[in-house]
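> what would the 3D arrangement of this be:
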Amino acid sequence: MAKVTRKMVEHAGVDVDELVDLLVRNAAAELTTFYYYTILRVNLIGLDGEGLKEIAETARIEDRNHFEALVPRIYELGGELPKDMKDFHDISGCPPAYLPDDAEDVEAIMEVLVEAERCAVRQYTKICNMTAGKDHRTYDLAQAILHEEIQHESWFSEFLGEGPSGHYLRRGDNSPFVSKFLE
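Numbering: from 1, shown residues only. Take a look at the predicted model:
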């Protein structure tokens, strides 16, 4: 743990225990979403589904990157990940992105994907609001993840016919906002 780091964040008025709890819950959400998105992506088949695989894959890989970027900050602030994966799964800050009962219903899969992203947007907005002007490193990290989660939501909602998002699919590197936190 970075003792001075934790002390400075506490001194700035952040409840560090609450913040660490949120970060751990979001890390759980990111890792479980990576897993569930694997299952969802595999089931995106047929004429409608094949066109969505690349977008689901980008979101899946970026969620793994979000997990990887969150872990160091959790430990820097004196937190830790649960020792048991089942416990980790069950404290996720967002509900599991389960495959719908009708695994061939592409629109139902898209609903699961967009709802997972909307939960993530709410979670990272909460962390940004908590840390703005107080914990610059966590704020910067949460804001970077938030940028990518908003793009994911936009992509999926566009496919559901909710209107144009103004965002484009990434070409090349994943996690353009979070990559600076990956070492």
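
> any regions of the protein where pLDDT drops low?
Scanning the chain for pLDDT under 70 picks out 1, 167-172.

> what about the helices in it?
Using DSSP state H, the helices of the chain run over 3-11, 16-42, 46-50, 53-76, 85-90, 106-131, 136-159.

> can you redo those helices as a markdown table with mean neighbour count?
Heads up, the C-betas are built off the backbone N, CA and C, glycines and all. As requested, the helices of the chain are exported to a markdown table (neighbours: other Cβ atoms under 10 Å):
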| stretch | mean neighbour count |
| --- | --- |
| helix 3-11 | 14 |
| helix 16-42 | 20 |
| helix 46-50 | 12 |
| helix 53-76 | 20 |
| helix 85-90 | 12 |
| helix 106-131 | 19 |
| helix 136-159 | 21 |
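
> now these as TSV including distance to residue 98?
TSV is the format used below for these (distance: least, Cβ to Cβ, whole Å):
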stretch	distance to residue 98
helix 3-11	35
helix 16-42	7
helix 46-50	17
helix 53-76	15
helix 85-90	12
helix 106-131	7
helix 136-159	16
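
> wait, which of those helices is closest to residue 181?
Among these, helix 53-76 comes nearest to residue 181, with 3.9 Å by Cβ to Cβ.

> re earlier: residue 166 is nearest to which of the helices of the chain?
Across these, residue 166 has its closest neighbour in helix 136-159 (7.3 Å, Cβ to Cβ).

> and that closest one, what does it pack onto?
helix 53-76, helix 106-131 (3 or more Cβ pairs under 8 Å, 6 or more residues apart in numbering; DSSP states H and E).

> got the ones you listed as TSV, with distance to residue 95 columns?
Shown next, in TSV, are those (distance: least, Cβ to Cβ, whole Å):
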stretch	distance to residue 95
helix 53-76	15
helix 106-131	7
